[in-house]
Each structure stands twice: as structure tokens, then as C-alpha cells.
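Asks: no sequence on hand, only this structure:
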Ligand SMILES: O=C(O)COP(=O)(O)O
Ligand SMILES: [Mg+2]
């Protein structure tokens, strides 16, 4: 069987170690004949800009599934409001000095600088009656609704593209990619990935970062999977 599309995480997956785009991965992605969706914990404008500059067509999942768009000429939709996240943020601010990242551009979740004790914060948050969880992408810690994730985002976006989430191969590097591995047809973790994402993967590359994505796409081609 052949998969019909790719969904790729951005940071840690199509980038280099210092977060700049991995040029060989860009070349490989551009050479594909099937749609490539970008899925990120970052903001919608970041995802759309990346899609434009890579030469893709604007299908993106941003804010860990909270925001999605299918084309550049459409504005995008937001799946959640910030209200509950703000409550969690106020509560945790009593215990830690927290720094928000890009608050002007985030509509559905709060991203925080990774300079506080996540384990302690997760335990404290349990005492609150909020549908909010914390995910660590290794680039930021996200305070987000338990109802949104990249998997839910992929299901919605796939439908808008006339596809099913199982038609996609997902490539990722960290715990915020888990749900999109679960709903996609095949999951590939890059070599620098978390243990948790490697365990959930159908295939793990030897190479890391963008080099891992090149290896993943070559593997799929060599097996006739795309
Ligand atoms: O913004 C971040 O935390 C990084 O997100 P990503 O690895 O999902 O692209
Ligand atoms: Mg990542």
C-alpha cells in the first residue's frame, strides 16, 4: 500500500540542531509528489511562513493542534480559547517565575520558557480542576487543553483535504508528536527523538534532525510506501 501524504513536525525534525532549516531535508521535501503538511507547537504565522518558504501549499497544524489552515488564501481556524490556559498560568505563576513565548500570536495555548521544574508544575496542576496539560517539546513547555493535540488537528485537516489521517506518514521528534503518530498510518521518529516517541514509532532513523527526515523519506521511497 502507498501512503498519500506526509505530516512533518518542524522543530527538531526538519531543522538542524540550532533550529535553522535543514537544507537537504528541504530539497527532499520539495521533490515529493504528495502533499506535505507541517505540524508544530509553534504559532500559526510561524507554520504558514515555514510552509511558504519551503515551497509547500499552506496546509499546517499549529499550536499543537489548536490552529489549522489548509491554504494560504484561507485564514485558518482556532479550536480552543485561551481561558482555561490563563487560569492554569495564573495558578502556576504563584509557584514559579514563568515567561510566556510569543503571547501576541498565540490564540489557543500558552508556550513557556523551559526554565522551571516541569515535574513539580505537573503535580501542582493536578490539584486544579482544569482540563489543561503540559507538554515539553524540548523547545518550549506548552500549557494546552487536553482536547487538542496534533492528532486531533491531523484528523480535522485530513478531512478538509479529502483524506483520512491514516493516509499520512507522520515524522516527529518529541512527546507532542505522539497523538499524530497514533492517528496516522505510519510513524517515523528521527534519531534525536525522545524515548517516548521512539517507542511509539514504526521506524526510527539513525540520523538526527533534518538528516533523519531525509533518511525517513528515502526509506519510504525505497519500500514503495510513498
Ligand atoms: O514550538 C515548539 O515548542 C516546537 O514545536 P515543534 O517541535 O512541534 O515544531
Ligand atoms: Mg519537534
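Replies: Cool, got the structure. These numbers were taken from a predicted model, which means no experiment stands behind them. Ligands and ions are numbered 1, 2, ... in the order given.

Asks: my read: residue 69 touches residue 46, true?
Replies: No - the pair residue 69 / residue 46 is not scored as a contact, 12.0 Å apart, by CB atoms under 8 Å. Bear in mind the C-beta positions are built from the backbone N, C-alpha and C, glycine included.

Asks: flag every residue of the chain that's near ligand 1.
Replies: Within the chain, the positions lying close to ligand 1 (CB under 6 Å from any ligand atom) are 9, 10, 11, 12, 40, 41, 42, 137, 139, 140, 176.

Asks: switch those residues over to CSV; also include pLDDT and distance to residue 117.
Replies: Output for the residues of the chain next to ligand 1, formatted as CSV (pLDDT from 0 to 100; distance: CB to CB, whole Å):
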residue, pLDDT, distance to residue 117
9, 98, 25
10, 98, 26
11, 98, 22
12, 98, 22
40, 98, 25
41, 98, 20
42, 97, 24
137, 95, 17
139, 95, 18
140, 97, 15
176, 98, 19
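
Asks: isn't residue 172 up against residue 189?
Replies: Yes - using CB under 8 Å, residue 172 is in contact with residue 189, at 6.5 Å.

Asks: shared neighbours of these two, anything?
Replies: residue 197 (CB atoms under 8 Å, 6 or more residues apart in numbering).

Asks: do stretch 57-70 and ligand 2 meet?
Replies: No - applying CB under 5 Å from the ion, one finds stretch 57-70 out of contact with ligand 2, separated by at least 10.3 Å.

Asks: which one's the longest helix in the protein?
Replies: Secondary structure of the chain per DSSP state H: the longest helix is helix 209-222.

Asks: quick check, that helix touching ligand 2?
Replies: No - Helix 209-222 lies apart from ligand 2 when judged by CB under 5 Å from the ion; the minimum separation is 9.9 Å.

Asks: buried set for that helix?
Replies: 209, 210, 211, 212, 213, 214, 215, 216, 217, 220 (16 or more other CB atoms under 10 Å).

Asks: ok, the last one touching residue 169?
Replies: Yes - with contact defined as CB under 8 Å, residue 220 reaches residue 169; the gap is 6.2 Å.

Asks: list residues touching both of the two?
Replies: With CB under 8 Å, 6+ apart as the test, residue 220 and residue 169 both reach 3, 186, 188, 226.

Asks: can you pull the phi/psi pair for the nearest residue to the first one once chain neighbours are set aside?
Replies: Closest residue in space to residue 3, ignoring its immediate chain neighbours: residue 169 at 4.8 Å, by CB to CB, 6 or more residues apart in numbering. Note on residue 169: its backbone torsions stand at phi -100, psi 130 [degrees, to the nearest 10].

Asks: any idea of the pLDDT on residue 169?
Replies: With respect to pLDDT, residue 169 scores 98.

Asks: need the contact list for it.
Replies: 3, 5-7, 184-188, 216, 220, 225-226.

Asks: which members of these are classed as buried?
Replies: Using 16+ other CB under 10 Å, the buried ones in the contacts of residue 169 are 3, 5, 6, 7, 184, 185, 186, 187, 188, 216, 220, 226.

Asks: could you double-check that the third one lies in contact with residue 213?
Replies: No - Residue 6 is beyond contact range of residue 213, at 9.4 Å (criterion: CB under 8 Å).

Asks: who touches both of those two?
Replies: Joint contacts of residue 6 and residue 213 (CB under 8 Å, 6+ apart) are 29, 171.

Asks: residue 112: neighbour count?
Replies: When neighbours are counted by other CB atoms under 10 Å, residue 112 registers 21.
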